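Colleague: Generate a structure from the sequence data that follows.
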Amino acid sequence: MVQDWRCNQCGAPLPAGDRVPGARIRCAKCGRSFTLVARKSDTASNSPQPTPTADLRAALESPDQPTDRPETAGFANQAVAQGSELLPSIADTPSNPASSEDAPSEEAPLQAASQAPTLNEDPILGRYRRRGRPTGNTLAKQRVTAMFITGIAGGVVGILLAAAVAWYWWGQRGVTGTQSPALARPRSNEQAPPPLHWAPHQPILAKTLIQARDGVVKIEVPLEGGTVIQSGTGFIVDARGWIATNYHLIAQINDRAQVRFSDGQTYRLQGVVAEAPQYDLAILRLAEMPVRLTVLDISYDRTPELGLEVYSLGHPYNVDFSLSRGIVSRILTTAELLRNFPQHIVAQIHAPGSMIWIQHDAKISPGNSGGPLLDGTGRVLGVNTFVHRLADYGFASHVRYLRETIEAAGDEVRPLPPAPTTPPRDIPPEQVVDTRLLRPLWEKAAAMSWAPKSDQEYDILAEWARLANIVKYLQVRGEIPPGVPPQVIDQAATEADNLFAGLDPREIGDDVAQRFNAFAEERLSTSQQGVVLVGTVVALPPGAVIVRWGEKQGLLLLRTRPDFATSVQARLLVAGITTSQAAEVRFGQQGEITMMPVVLAMFAVEVPDPAP
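Modeller: So this is what the prediction gives:
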């Protein structure tokens, strides 16, 4: 009997022909495969009615084995998809409502469960093989493709975003940090941010001793046509290229002066920004700015504690950019210094009586003047000014006086004067004292035959040398202090010449020369002190004499009067006065540069060599 079979997926008629229930058939429209199941006849049949058990048994038979079982009554004529038990929605939402109403709900699952998959169908992925839905492999490919496309899209978006940021910062803002007008316009309720400024010279605040070394300079002042170089120490205190140093170091500064940094680079000086003679402080300004400028911290305002570890940075005797360590040994004032040393240099600069000085034992020598006294973090505590060689102590003015000098400075810069063609000024006019002491002091020196046996006796000779050099220097220079009659200086200078001319050099034996030098070594470290010594001439640069003296065979540069004449290898008796200067001198076969103290020697005479 020909049955009317329809696809329960799309409702299309199936070309079942004479196929009987249990046969396999494929829908020509949607391509679905089905197993035919008998349906209840709409009319009465003489065929025997199968029992539910027989129907169940027929449904569980293998679909690959066709059977001649007649049409089974009591079951809807419907097609059950392979693996439909995995998709309950197939039974819940049938494509053919008319067929679904005739199907017993309690028997359909048994018929569906009985269908085994064919060799060409997957028992799991087969459930997706419905019209309009992708298969398992297709879905996996679609997921991979989607992920791949998403990754590419995200990369493209990231590149575009980075390009937009770069365009904004470099294209619109520029290297100078200024915004374009369109981007710089603030919103109505917001203020525009300040523009970003960039300068080629970026200052760095020193926070370590290593960084502080980069902020220290060596001040070099060529003298005597460049043969002699006066040098000292300074350090950067302001991002504008301001350099702090001692006032006495710039007394002879000229337009040929330069500063040298620790990296070896040299820069010219524009001029003087500020001067504070009472503090022995001065501020210079660079004419050229380094690319990397290290500024030292001068904010310290406390009183250093006793025992605090401190460091000195400078150029002692041409040992450039040297660091020495010590401790704070005493805090005292100018008044306390003068009680112990009435002729101290602080009296000569008229330092205020309440001015604070930091006494320390960090090693300093000529060449350290004007350099910083630091703590362990590179912070400035004071400015090294002088040294007591006998006690081996250095003295630094408190940094608060440096801050006062900087705060009082304006924008005006005093240009440096041209380099002089005459010997520089060494003795300030205020050093002139009572010239009536010249003869009494000489008579005491003659009474001991110029052979001192104690410090007290040597002090008599040294004081005579100090007074005599002051008056003779002022006479030679022609610079008479205001209010002093010129004839007073002329008479005192002439008297000093006559007294020294009466000295017999043959009385200065080798033992006396050794005593001179031993006493002088203790006084050379203090400026404006009279000294008497014996040395051997080793070089004669223009306008000066270099002698080697003492047990340590040290070198001294003597500034003599213009009419003085001598020769190399001659022995000289020198009655002079110390200065605050240390000079670099090129001499010798290799032209080595040597640092040495400078002594003003208006009185010198050759002495015979000691008898063999």
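
Colleague: Residue 243 contacts residue 233, doesn't it?
Modeller: No. Using Cβ atoms under 8 Å, residue 243 makes no contact with residue 233, being 9.8 Å away. Placement of C-beta: from N, CA and C, glycine included.

Colleague: Quickly list what's touching both of the two.
Modeller: 217, 219 (Cβ atoms under 8 Å, 6 or more residues apart in numbering).

Colleague: So if I had to pick from the two, which one is more boxed in?
Modeller: residue 233 (30 against 24; other Cβ atoms under 10 Å).

Colleague: Across the sheet, point out what pairs with that one.
Modeller: residue 218 (DSSP bridges).

Colleague: and the gap between it and residue 477?
Modeller: According to Cβ to Cβ, to the nearest Å, residue 233 and residue 477 sit 28 Å apart.

Colleague: for residue 270, same thing?
Modeller: Counting by Cβ to Cβ, the gap from residue 270 to residue 477 is 28 Å.

Colleague: Same check on residue 418?
Modeller: Residue 418 is 18 Å from residue 477, by Cβ to Cβ.

Colleague: what does residue 325 give?
Modeller: Relative to residue 477, and taking Cβ to Cβ, residue 325 is found at 42 Å.

Colleague: on that earlier part again, if you count what's nearby, which of residue 418 and residue 477 comes out ahead?
Modeller: Between residue 418 and residue 477, counted using other Cβ under 10 Å, the more crowded position is residue 477 (15 against 9).

Colleague: All the strands of the stretch 201-350 of the chain, residue numbers only.
Modeller: 202-205, 216-223, 228-238, 242-245, 258-260, 266-276, 281-286, 292-295, 309-314, 322-333 (DSSP state E, counting those that start in this stretch).

Colleague: Put together CSV for the ones you listed, with mean pLDDT on each row.
Modeller: Below are those laid out as CSV (pLDDT from 0 to 100):
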stretch, mean pLDDT
strand 202-205, 84
strand 216-223, 87
strand 228-238, 85
strand 242-245, 96
strand 258-260, 92
strand 266-276, 94
strand 281-286, 96
strand 292-295, 92
strand 309-314, 95
strand 322-333, 95
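
Colleague: which one of those strands lies closest to residue 532?
Modeller: When the strands of the stretch 201-350 of the chain are compared by Cβ to Cβ, strand 228-238 sits nearest residue 532, at 23.2 Å.

Colleague: Now do the buried residues in the closest one.
Modeller: 228, 229, 230, 231, 232, 233, 234, 235, 236, 237, 238 (16 or more other Cβ atoms under 10 Å).

Colleague: Check stretch 574-588 too.
Modeller: Here stretch 574-588 shows 574-585, 587 as buried, counting by 16+ other Cβ under 10 Å.

Colleague: residue ranges of the helices in the protein, please?
Modeller: All helices of the chain, identified by DSSP state H, fall at 52-60, 88-92, 97-102, 108-113, 136-166, 181-184, 209-214, 334-340, 345-348, 399-408, 438-447, 455-477, 486-501, 510-521.

Colleague: before we move on, back to that, which one of the buried residues of stretch 574-588 is nearest residue 383?
Modeller: Once Cβ to Cβ is applied, the member of the buried residues of stretch 574-588 that ends up nearest residue 383 is residue 580, at 13.5 Å.

Colleague: you'd agree the closest one is up against residue 527?
Modeller: Yes. Here residue 580 lies in contact with residue 527, judged by Cβ under 8 Å, at a distance of 4.0 Å.

Colleague: intersection of neighbour lists for these two?
Modeller: Joint contacts of residue 580 and residue 527 (Cβ under 8 Å, 6+ apart) are 248, 345, 386.

Colleague: which of those residues has the most neighbours?
Modeller: Result: residue 386 is most packed of these (other Cβ under 10 Å), 27 neighbours.

Colleague: what about that residue, distance to residue 394?
Modeller: Counting by Cβ to Cβ, the gap from residue 386 to residue 394 is 8 Å.

Colleague: same check, this time on residue 505
Modeller: Taking Cβ to Cβ, one finds residue 505 at 37 Å from residue 394.

Colleague: likewise residue 276?
Modeller: 20 Å.

Colleague: okay, the two: which has more neighbours?
Modeller: residue 394 (31 against 19).

Colleague: what about that one, distance to residue 525?
Modeller: Residue 394 is 10 Å from residue 525, by Cβ to Cβ.

Colleague: Overlap of the contact sets of those two?
Modeller: 387, 388.

Colleague: Domain map for this protein?
Modeller: Domain ranges of the chain: 5-133, 201-421, 429-607, per automatic domain parsing.

Colleague: Can you add distance to residue 152 and give those back as CSV?
Modeller: Shown next, in CSV, are the domains of the chain (distance: least, Cβ to Cβ, whole Å):
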stretch, distance to residue 152
domain 5-133, 27
domain 201-421, 43
domain 429-607, 69
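
Colleague: between those domains, which gets the lowest average pLDDT?
Modeller: The minimum mean pLDDT among those belongs to domain 5-133 (a mean of 48).

Colleague: Give me the nearest residue to residue 545, chain neighbours excluded.
Modeller: Leaving aside its sequence neighbours, residue 545 sits nearest to residue 558 (Cβ to Cβ, 6 or more residues apart in numbering; 4.3 Å).

Colleague: Burial check on the one you found, number of neighbours?
Modeller: Neighbour tally, residue 558, other Cβ under 10 Å: 21.

Colleague: residues in contact with it?
Modeller: So residue 558 contacts 544, 545, 546, 547, 572, 574, 576, 599, 600, 601, 604 (Cβ under 8 Å, 6+ apart).

Colleague: And residue 338, by the same measure?
Modeller: Contacts of residue 338 (Cβ under 8 Å, 6+ apart): 344, 346, 347, 353.

Colleague: how about residue 231, what does it touch?
Modeller: 218, 219, 220, 221, 315, 318, 367, 582, 583, 584, 595.

Colleague: With that, I have no additional questions.
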